[in-house]
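# could you look at this predicted model? Sequence included:
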Amino acid sequence: MVKFSKELEAQLIPEWKDAFVNYWQLKKHVKKIKLSRNNTQPPPQLNHDFGSSIFDPIRFVAMKVLSANLFRCSNNNTDEIIQVRSKSLEDGSDEEQVLYQTELVQLFSEEDEVRVFFERLDEELNKVNRFYKSKESEFVERGEILNKQLQILLDLKQILSDRRRKPNAAAGDLIPRSWSSSPRNSDFSESPAELNDGSTEMSQTDEVIAALEKNGVNFINSSASRAKTKKGKPKMAMRIDIPATTPTRTISAVTSMLWEDLVNNPKKEGPPDFFINRKKVQCAEKMIRSAFVELYRGLGLLKTYSSLNMVAFTKILKKFDKVANQQASASYLKAVKRSHFISSDKIVRLMDEVESIFTKHFANNDRKKAMKFLRPQQQKESHMITFFVGLFTGCFVSMFTVYIILAHLSGIFSPTTETDFMETVYPVFSVFALLSLHLFLYGCNLFMWKTTRINYNFIFEFAPSTSLKYRDAFFMCTTFMTSVVGAMVIHLLLRAAGFSPTEVDIIPGILLLIFIALLLCPFDIFYRPTRYCFLRIIRNIVCSPFYKVLMVDFFMADQLTSQIPLLRHLESTACYFLAGNFKTHDYATCKNGKLYRQLAYVISFLPYYWRAMQCARRWFDEYDLHHLANMGKYVSAMVAAGARLTFATESNHLWFSVVLVTSVVATVYQLYWDFVKDWGLLNPNSRNPWLRDDLILKNKSIYYLSIALNVVLRVAWIESIMRFRINPVQTHLLDFFLASLEVIRRGHWNFYRLENEHLNNVGKYRAVKTVPLPFREADSDG
């Protein structure tokens, strides 16, 4: 049977952990009462009776009756053991704050320890009540705002549907001239809507506009003093705030901002015109739907919070009764059940209301469809995945051993043999090896995040039903490497059998095409949601800064900065196969070309450039100067990478000095950002010396070792200027080893980066995503 403390640890909401009942601290107080009780008990008296007596059965029955009467009397006097009083305090808001305080009515043999226990219990009860009440008011207010937003959306959809149904040339038409029924103009344009002068249509439209303005929608000049068009007809416009999450919206937002600043008259009074548009309304509907889903998720978390705390109070009071040999739990549990976090039913009623609204307006009255959005099913973990991980791991180890033996016997890595293999096939297999190592480390990250209760799905905004588990990551990694090592063995056997290099070297190219085809495969096989999510994130990175930057986007971009050798190998592989060099087996053609050398600079710059553009976009969205400082880190890394590339071809004292200075500056910049910003460490005022106040790992020495390891792996660039090379084979192997060290450093960095992000969410009790709402309130217009 699992202890309740472990069950509570497994079920509580990680971001709200500090707001839960501190069950473990209360258990310590109960143990103190038990120890004090054991110390005050008199020593057992020796029994000097010898043998048995005929009166023993009578004595036994009498003792049973007496103990039952005493137990009945103690139950009747339960309310006299403790008294739980409640005091109402005004905290400046409309609602009163209720505080609970327990008084001991009867004397206990361990009175001091019991008093401390109930004081601590009162503090926990008051803490739970305060947190529950604050979250309840927050969710109720959010629900009211969403109801207003939904009503605005329904009114707008009604207006648009009325306009679409009316004939274009009819009198009293409410459709603007630009909203024609021709295929070219089938979408609604953003030009002002010119209304007819008919009194009936005008009165109906005014009623709808008035209702919308009551809900907080801003119509430009919507009162009697509306601006007039040239024909004397009123002009109507509406403000809908759609986040610039795509390139089209970003370019439109920047263009409109520049147009207002540079072209429009700055003395023009009144806010700019934003007009009703069908696409905007569709985007607004998606935003409101997502907001309802997040609201329902938050309500479910608060309901779980209430039930878990109730069970915790019940369990700890039962432990107290057992230790103190009293029946105090009944009276205290009555006070707990009367408290706000148990007696309030606002959350349950709001959940029912959200379910009915969502089913009606977003699921076409299909409750089953609505529940798929509101309560997504968790993905069941299959033991078959674990079986295949073990199977492929064994296959990989055995085939890799065979490959090493064959390579040694054939002398393929010997410096005396030809270097064709290292120049042609090695880059392709290095790509797969580095990618597999990164996948393996990501699986280790997922395992550690799950073990330490870091909510990575919430941080990355992954869907729990389709997100990758650590077993899945290991399965992908082992499948990957087993296939690659199998291809390497086949390639080596065919070379040894006397096949021409032209025929044999096609094997790694075919393997690369197979994996690309699998990545793009549209069928629902081999983790299609994960594959498409990966492609979507890569698209967002490549198109930076036009896409809105999310946590998962810049996290993946940071991974790419550690995979520059992989991108360089992809460049040489693409040149080797696309230029047809595998037919002639002339691998030097690519490396001697000017375009190839120029692309080497571009590929070395690209990951840092993408990351810098993401920082610029985040500064544009949030106006936080920290993002500009972070962008400076990646600019310094670009300069250092370019200097090292130039030094590889022009080895002189000048470029040696440039490489040394730029690399030292970039490394110090990166180390500072790693430890202080990304990991949140090196705080001199922390209660954990030079770490931070809150640590997830209990062993502090792990953090100090991680700091030292990160420093050592960050300065691996020293090898590029020391030139520890003897022959081409050793050069390639050393480069692969250093690239692997950088991937290992990144996997090590990932855990602490997400740990710090999780602790930031915990500090702000942020367990639910805040979805921006489309319709701007009237009082927030500027």
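Now that the structure is in, tell me what you want to look at. What you see is a predicted model; the values in this text were computed from it and never measured.

# let me know the secondary structure of residue 522.
Using DSSP: H, G, I helix; E, B strand; the rest coil, the structure places residue 522 in coil.

# any figure for the gap between the residue lying closest to it once chain neighbours are set aside and residue 516?
Nearest-residue entry for residue 522: residue 528, 7.8 Å, with adjacent residues in sequence omitted and distances by C-beta to C-beta, 6 or more residues apart in numbering. Placement of C-beta: from N, CA and C, glycine included. Look at residue 528 and residue 516: by C-beta to C-beta, to the nearest Å, they are 15 Å apart.

# counting neighbours, go ahead and name the busier of these two.
The neighbour comparison of residue 528 against residue 516 (other C-beta atoms under 10 Å) goes to residue 528, with 13 against 10.

# the more buried one contacts residue 521, doesn't it?
Yes - using C-beta atoms under 8 Å, residue 528 is in contact with residue 521, at 7.4 Å.

# just the helices in the stretch 601-750 of the chain please.
625-649, 653-672, 701-714, 718-722, 728-763 (DSSP state H, counting those that start in this stretch).

# residue 360: neighbour count?
When neighbours are counted by other C-beta under 10 Å, residue 360 comes out with 13.

# now it: which helix or strand?
helix 346-362 (DSSP states H and E).

# now swap in residue 101 and tell me
With DSSP H and E as the test, residue 101 turns up in strand 96-104.

# rewinding a little: who are the packing partners of the helix holding residue 360?
Secondary-structure packing of helix 346-362 (3 or more C-beta pairs under 8 Å, 6 or more residues apart in numbering; DSSP states H and E): helix 111-165, helix 278-324, helix 367-374.

# any regions of the stretch 301-450 of the chain where pLDDT drops low?
Within the stretch 301-450 of the chain, the segments meeting pLDDT under 70 span 413-421.

# try it again at 80.
326, 328, 378-381, 410-426 (pLDDT under 80).

# list the buried residues in stretch 559-575.
Of all the residues in stretch 559-575, those buried under the rule 16 or more other C-beta atoms under 10 Å are 559-573, 575.

# okay, and which of those residues map to helices?
559-561, 564-573, 575 (DSSP state H).

# list the contacts for residue 124?
Residues in contact with residue 124 (C-beta atoms under 8 Å, 6 or more residues apart in numbering) are 21-22, 26.

# may I see the ChimeraX selection of the buried members of the residues you listed?
In ChimeraX, a selection of the buried entries from those looks like this (16+ other C-beta under 10 Å):
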select :21,22,26
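
# let's have the contacts of residue 124 in TSV, adding secondary structure and pLDDT.
Putting the contacts of residue 124 into TSV (DSSP: H, G, I helix; E, B strand; the rest coil; pLDDT from 0 to 100) gives the following:
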residue	secondary structure	pLDDT
21	coil	94
22	coil	94
26	helix	93
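
# I'd like the contacts of residue 124 as TSV, with distance to residue 549 appended.
As requested, those are arranged in TSV below (distance: C-beta to C-beta, whole Å):
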residue	distance to residue 549
21	38
22	38
26	44
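
# which of the contacts of residue 124 lies closest to residue 663?
Distance to residue 663 across those (C-beta to C-beta) is lowest for residue 22, with 48.9 Å.

# contacting residues for the closest one?
Applying C-beta under 8 Å, 6+ apart, the residues near residue 22 are residue 124.

# helices and strands around the strand holding residue 101, which ones?
strand 82-90, helix 111-165.

# which of these has the lowest mean pLDDT?
Note on these: strand 82-90 shows the lowest mean pLDDT, a mean of 74.

# other SSEs contacting that one?
strand 96-104, helix 329-338.

# what's that strand in contact with?
Counting by C-beta under 8 Å, 6+ apart, 96-105, 118, 328, 331-332, 334-335, 338 sit against strand 82-90.
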